[in-house]
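Undergrad: Model the structure of this input:
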Amino acid sequence: MAVTAAMVKELRELTGLGMMDCKKALTESDGDMNAAVETLRRNSAVKAAKKADRTASQGLLGVRVADDGSYAIVVEVNIETDFAERDASFAAFVKRVRDVAFEKRTNDVAALLAGGLDAEREALVQSIGENVSVRRIALLEAPGGKVASYLHADNRKASLVAVVGGDDELGRDLAMHVTASKPLVVTGADVAPDVVEKEREIYTAQAQDSGKPADIIAKMVEGRVRKFLAEVSLLEQPFVKDPNLRVSQLLSQKKARCTGFVRYEVGEGIDKVETDFAAEVAAQVRGKG
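TA: Numbering: from 1, shown residues only. Okay, here's the model as predicted:
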């Protein structure tokens, strides 16, 4: 059966895949549309699997807050290049992941993908030609309060903050502050003991080179530990909109308290593989020779 342009167009609309892939599948299936769809689904899975080991460190965040502020979701979906992250179909997939996670009120990536999103992800990999990964999802709840959010204009940095008391403006300001100032915990007491001990070891090693007496070194180390805890604690940080005011003082003025927060930035913590393009081309030339 002759494969027509109309048939190729129909198959593209059904699958969202490339014209040449659709034409090839129709030719192999002798114009049988259903068989062509199955062929493309199989090929899409194979191609997606081949791309799965490629580092995806670019991407976008999606944020959604419940109308009553009782909970909120932030998701990170990664792709290989910043060029591909601007693709409309990729942005639509990020929104889709966000909305499904929000409706299911879950942060379980594996369960979410198993529920049908992985097939959509594989189709997107086939369509765009880059690895796509749903990296992580955070769910933040605010019993007795509200969750506020801030999503930076580039959709690559975002924060959720749970606040009891205060008003909506305070919530937005705190979420903006967390995004900009990168605290690790609400208070210094929340820092894991092993993290504090590691910092103490580093400061001790540094101070010992000063040649000062042991009692002076001990005081220097504890002073640096206190400074570290203040720098990573939300409540002790200078408020980003008024550096003369600590966040704890701002909350006190508003008769409010922060019960938790989440901060995401696209690609943080991912080991990026640096490719020497010239060396790669040279290697290919040598291989052909």
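Undergrad: Which residues does the helix or strand hosting Met176 contact?
TA: Here Met176 sits within helix 168-181, counting by DSSP states H and E. Identification of contacts with helix 168-181 by C-beta atoms under 8 Å, 6 or more residues apart in numbering yields 69, 146-150, 152, 157-161, 163, 234, 237, 239-241, 247, 250-251, 254, 256, 258, 261, 263. Placement of C-beta: from N, CA and C, glycine included.
Undergrad: do stretch 233-244 as well
TA: 173, 176-178, 180-181, 183-188, 190-191, 229-231, 245-251, 258, 261.
Undergrad: cool, and stretch 30-37?
TA: Residues beyond stretch 30-37 that count as contacts (C-beta under 8 Å, 6+ apart) turn out to be 1-3, 7, 10-11, 14-15, 22, 25-26, 28-29.
Undergrad: model confidence over that stretch, on average?
TA: Mean pLDDT, computed over stretch 30-37, is 83.
Undergrad: The stretch 101-250 of the chain: strands as residue ranges?
TA: Secondary structure of the stretch 101-250 of the chain (DSSP state E, counting those that start in this stretch): strands at 132-141, 146-151, 157-164, 238-239, 242-246.
Undergrad: Extract the C-alpha trace of the second one and format it as CSV.
TA: Coordinates of the C-alpha atoms in strand 146-151 are reproduced here as CSV (Å, rounded to 0.1, in the frame of the first residue of the first chain):
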residue,chain,number,x,y,z
LYS,A,146,-0.1,28.0,54.8
VAL,A,147,2.5,27.1,52.3
ALA,A,148,3.8,30.1,50.2
SER,A,149,5.9,29.7,47.1
TYR,A,150,8.3,31.6,44.9
LEU,A,151,9.4,30.5,41.4
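Undergrad: which other helices and strands contact that strand?
TA: The elements that strand 146-151 packs onto, with contact taken as 3 or more C-beta pairs under 8 Å, 6 or more residues apart in numbering; DSSP states H and E, are strand 58-65, strand 71-79, strand 157-164, helix 168-181.
Undergrad: The last one vs strand 157-164, what angle?
TA: Going back to what we said before, that points to helix 168-181. 140 degrees (axes from the mean of the first three to the mean of the last three C-alpha atoms, to 10 degrees).
Undergrad: and the angle from helix 168-181 to strand 71-79?
TA: Using the same axes, to 10 degrees: helix 168-181 against strand 71-79 is 30 degrees.
Undergrad: if we can go back for a sec, can you tell me which of the contacts of stretch 233-244 are buried?
TA: Among the contacts of stretch 233-244, the ones that count as buried by 16 or more other C-beta atoms under 10 Å are 173, 176-178, 181, 183-186, 188, 191, 229, 246-248, 250-251, 258, 261.
Undergrad: still on that earlier bit, going through the contacts of helix 168-181, which ones are buried?
TA: Going by neighbour count (16+ other C-beta under 10 Å), these have 69, 146-150, 157-161, 163, 234, 237, 239-240, 247, 250-251, 254, 256, 258, 261, 263 buried.
Undergrad: tell me the contacts of the spatially most central residue of the chain?
TA: With distances taken as C-alpha atoms, centre = their mean, the residue of the chain nearest its centroid is Glu76 (2.9 Å). Taking C-beta under 8 Å, 6+ apart, we find Glu76 in contact with Gly59, Leu60, Leu61, Val134, Arg135, Arg136, Ile137, Tyr264, Val266.
Undergrad: could I get those residues as JSON lines with pLDDT?
TA: Conversion of the contacts of Glu76 to JSON lines gives the following (pLDDT from 0 to 100):
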{"residue": "Gly59", "pLDDT": "93"}
{"residue": "Leu60", "pLDDT": "96"}
{"residue": "Leu61", "pLDDT": "97"}
{"residue": "Val134", "pLDDT": "93"}
{"residue": "Arg135", "pLDDT": "93"}
{"residue": "Arg136", "pLDDT": "96"}
{"residue": "Ile137", "pLDDT": "97"}
{"residue": "Tyr264", "pLDDT": "97"}
{"residue": "Val266", "pLDDT": "94"}
